[in-house]
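1. Any chance you can model this:
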Amino acid sequence: PPLLLSVGLASLLATVHALDNGLGLTPRLAFSTWNFFGTGATESEVHDIAASLERTGLKALGFDTINIDAGSLDRDRTTGRLVASSRFPSGL
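-> Have a look, this model is predicted:
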């Protein structure tokens, strides 16, 4: 019985339930500002990246997202609250 139980559990674990709708076939393709700028990305640099993704054809290949990571907000020195960053004058 232990062997039978093991085979039964293994067959349950090997079963996959998913929709056949084409989603999730490839990972999300995105540019992350953290990988290049750390916390120092600016609004104009993000606009330049977007233009580069379009110009080089990467957008058409699926790079349709720019992840603006850490550094997009500043901290108020008095209250400690997060506030809009001067690096993004148009806001987010």
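
2. what about this protein, any weak spots by pLDDT?
-> The chain contains residues with pLDDT under 70 at 1-16.

3. Helices along that one, start to end?
-> 2-14, 33-37, 43-55 (DSSP state H).

4. got a list of what Leu82 touches?
-> By C-beta atoms under 8 Å, 6 or more residues apart in numbering, the contact set of Leu82 is Leu73, Asp74, Arg75, Asp76. (Glycine included, C-beta is placed from N, CA and C.)

5. Quick check: bridge partners of it?
-> On the basis of DSSP bridges, Leu82 is bridged to Arg75.

6. So that it lines up with my notes, have the first residue be 23 from now on.
-> Renumbered: residue one is now 23, and that last one reads Leu104.

7. and it, how far is that from Leu114?
-> 11 Å (C-beta to C-beta, to the nearest Å).

8. What of Ile90?
-> Look at Ile90 and Leu114: by C-beta to C-beta, they are 7 Å apart.

9. the more surrounded of the two?
-> Shown here are Ile90 and Leu114; by other C-beta atoms under 10 Å, Ile90 has more neighbours (19 against 10).
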